[in-house]
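Chemist: Here is my input; please provide its structure:
(4 chains)
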Number of protein chains: 2
Amino acid sequence: MIAGQSEALASRLGYLLKHVQQQLAAAAGPAMAPYGIDGRQLAVLTVLAAEHPLAQHDAAGRLGVDRTTMVTLIDELEAKGLVERHRDTEDRRKNIVRLTEAGQRCLDGAGRARDEVEREFLAPLGDELGRQFVRALQILAGARQG
Amino acid sequence: MIAGQSEALASRLGYLLKHVQQQLAAAAGPAMAPYGIDGRQLAVLTVLAAEHPLAQHDAAGRLGVDRTTMVTLIDELEAKGLVERHRDTEDRRKNIVRLTEAGQRCLDGAGRARDEVEREFLAPLGDELGRQFVRALQILAGARQG
DNA sequence: CGACGATCGTCAGCTAGACTGATGATCTAT
DNA sequence: ATAGATCATCAGTCTAGCTGACGATCGTCG
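Modeler: Below is the predicted model of the structure:
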């Protein structure tokens, strides 16, 4: 029970979801810090690693963020030398974004740190409930807009 | 699967949590609209109904929001005539906040609407997994800061 | 009794994140 | 070739939330 938390809210889905999300973000922040990136930036690296050369627009789609937000995100990652932007030779409207060597190394380290944070975060649930929790989230994330 | 969603992110806890939270918020917004309040304001009404006369500071603690945020929240609810502010006669630093008649009616209606949204939101999980999901959230919300 | 530190509500100002709308470049299709 | 779509970008805006300062009030400890 969160300090001072209300009984009346303990079963309110919106309240629970929001606070749990914030707690995870609060735990993940410090864990990412040594690698110089935050959770959103790590998500971009993760997507790029999986589907390597990806246009900005497509990366935004994968992450569910706005196109203009992705501009900023890539700006930041590029400034750190973790990704490179190239004009697509086949469709010169597009920017192809790719991980650099440094980006790959950063992803390796930060990704491990993130996984560790997630594991600790779910630990209170135990194995079985933890798995079901993640499965439920996957279903809910996919149930709409699919 | 969210349109264009990345396979690589499907098991990333932060991503899932954030998106599921946003989807619920997106669903709840329109449902609250007829009652003229949003989810945060409804949460305040819910807390007040449960522990009726409550100082602003304590209400903020129950909801896990900043004291200055609560000022704004109460401002809004007061402007709509849903709550009343009174100076506490026993400790005149405190504002006692209480539901008005209109506030109670609003809570009844909006609360029902919210419950319905939550039910529909969890429907894809089925009964059993839905219950476990909520239980997991409660554990996670309470596991830290407790 | 009186002074000091803590608490409560308020306000002004700042920050982070994300959106809208406009623009220029480019592509596609007719 | 021309009209309409698409992509990246930028400027401006909006929201939620925070920090820090303030006045008023309380409790406590000499």
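Chemist: Check the spacing between the spatially most central residue of chain A and DNA strand D real quick.
Modeler: Ranked by distance to the mean C-alpha position of chain A (C-alpha atoms, centre = their mean), the top residue is residue A:43 at 3.5 Å. To DNA strand D, residue A:43 is 17 Å away according to C-beta to the nearest atom of the strand, to the nearest Å. Any C-beta I mention is one placed from the backbone N, CA and C, and that applies to glycine too.
Chemist: can you pull the contacts of that residue?
Modeler: Residues near residue A:43 by C-beta atoms under 8 Å, 6 or more residues apart in numbering or on different chains: A:63, B:9, B:12, B:14-15.
Chemist: And for residue A:65?
Modeler: Applying C-beta under 8 Å, 6+ apart to residue A:65 gives the contacts A:40, A:73.
Chemist: next one: residue A:53
Modeler: With the criterion set at C-beta under 8 Å, 6+ apart, residue A:53 makes contact with A:96-98.
Chemist: ok, the closest residue to DNA strand D within chain A to residue A:82 distance?
Modeler: Proximity of chain A to DNA strand D (C-beta to the nearest atom of the strand) peaks at residue A:57, 2.6 Å away. Per C-beta to C-beta, to the nearest Å, residue A:57 is found 19 Å from residue A:82.
Chemist: Likewise for residue A:22?
Modeler: From residue A:22 across to residue A:82, the span is 26 Å (C-beta to C-beta).
Chemist: Which residues belonging to the lengthiest helix in chain A are considered buried?
Modeler: Counting by DSSP state H, the longest helix found in chain A is helix A:101-122. Buried residues in helix A:101-122, counted by 16 or more other C-beta atoms under 10 Å in any protein chain shown: A:103, A:106-107, A:110-111, A:113-114, A:117-118, A:121-122.
Chemist: Can you tell me what sits against the helix or strand following it?
Modeler: Counting by DSSP states H and E, the next helix or strand C-terminal to helix A:101-122 is helix A:126-143. The set of residues external to helix A:126-143 that reach it, using C-beta under 8 Å, 6+ apart, is A:122-123, A:125, B:1-2, B:5, B:10-11, B:13, B:16-17, B:19-20, B:23, B:121-122, B:124-125, B:129-130, B:132-133, B:135-137, B:139.
Chemist: and these, which are buried?
Modeler: A:122, A:125, B:2, B:5, B:10, B:13, B:16-17, B:19-20, B:23, B:121-122, B:125, B:129-130, B:132-133, B:136-137, B:139.
Chemist: just these that are near DNA strand D?
Modeler: Checked against DNA strand D using C-beta under 7 Å from any atom of the strand, the buried ones among the contacts of helix A:126-143 yield no neighbours at all.
Chemist: Next up, the contacts around the nearest residue to residue A:69 once chain neighbours are set aside.
Modeler: Using C-beta to C-beta, 6 or more residues apart in numbering or on different chains and skipping the chain neighbours, the partner closest in space to residue A:69 is residue A:60 (7.2 Å). Residues near residue A:60 by C-beta under 8 Å, 6+ apart: A:66-67, A:69-70.
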